[in-house]
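Asks: When you get a sec, could you give me coordinates for this:
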Amino acid sequence: MRAWQFRLLLVAIVLGSSASRSLGGLAPESVLLVVNADSIDSLSIANEFVHLREIPAINIVTLKGVTNVEQLSVNDFRGQVLGPVLDAIKQRGLTSQIRCIAYSRSEEPGVGKECRSR
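Replies: Model (predicted):
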């Protein structure tokens with residue numbers, strides 16, 4: 001497990017111990033958790049998050065085949081992550097209740113160099 005993943009898990013544990021059913025004022029039903037199904041680290045962190053935050057199963061989206069690189073292009077992010085997540089929200093009838101999307105990835109996320117501030 002990389003250092004930043006450990007920090008994320010530690011933050012999740014601290015948050016979980018301080019407020020059993022809310023995430024910064026959000027109910028578990030308001031959080032959508034996105035998981036990279038091809039990554040053991042992503043699955044492990046997501047499982048702990050689900051356990052601590054009591055996220056309903058319908059609010060978990062697992063993605064397969066996401067490019068496993070440190071940085072996705074904007075188009076790859078839209079096609080491999082954002083599009084499938086928004087489709088799942090709509091298909092599951094969660095549009096009116098989702099207020100937060102949490103993404104558990106195996107690498108530090110980065111999207112396109114063009115998004116960096118200049």
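
Asks: Give the burial count for Gly83, as a bare number.
Replies: Other residues near Gly83 come to 11 when the count uses other CB atoms under 10 Å. C-beta: built from backbone N, CA, C; applies to glycine.

Asks: Point me to the helix or strand that includes it.
Replies: Taking DSSP states H and E as the definition, Gly83 sits inside helix 83-91.

Asks: low pLDDT regions in this protein?
Replies: Residue ranges of the chain with pLDDT under 70: 1-24, 68-70, 105-118.

Asks: got the contact list for the following helix or strand past the helix holding Gly83?
Replies: Per DSSP H and E, the first helix or strand lying C-terminal to helix 83-91 is strand 100-104. Residues outside strand 100-104 that contact it (CB atoms under 8 Å, 6 or more residues apart in numbering): 23, 26, 30-36, 42-43, 45-46, 49, 81, 85, 109.

Asks: among those residues, which are in helices?
Replies: Ser42, Leu43, Ile45, Ala46, Phe49, Val85 (DSSP state H).

Asks: what packs against the helix holding Gly83?
Replies: Applying 3 or more CB pairs under 8 Å, 6 or more residues apart in numbering; DSSP states H and E, one finds that helix 83-91 makes contact with strand 31-36, strand 60-63.

Asks: Let's have those in TSV, adding mean neighbour count and distance to Gln91.
Replies: Formatted as TSV, the helices and strands packed on helix 83-91 follow (neighbours: other CB atoms under 10 Å; distance: least, CB to CB, whole Å):
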stretch	mean neighbour count	distance to Gln91
strand 31-36	23	12
strand 60-63	19	10
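
Asks: Include distance to Tyr103 when you put those strands into a markdown table, please.
Replies: As requested, the helices and strands packed on helix 83-91 are arranged in a markdown table below (distance: least, CB to CB, whole Å):
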| stretch | distance to Tyr103 |
| --- | --- |
| strand 31-36 | 4 |
| strand 60-63 | 9 |
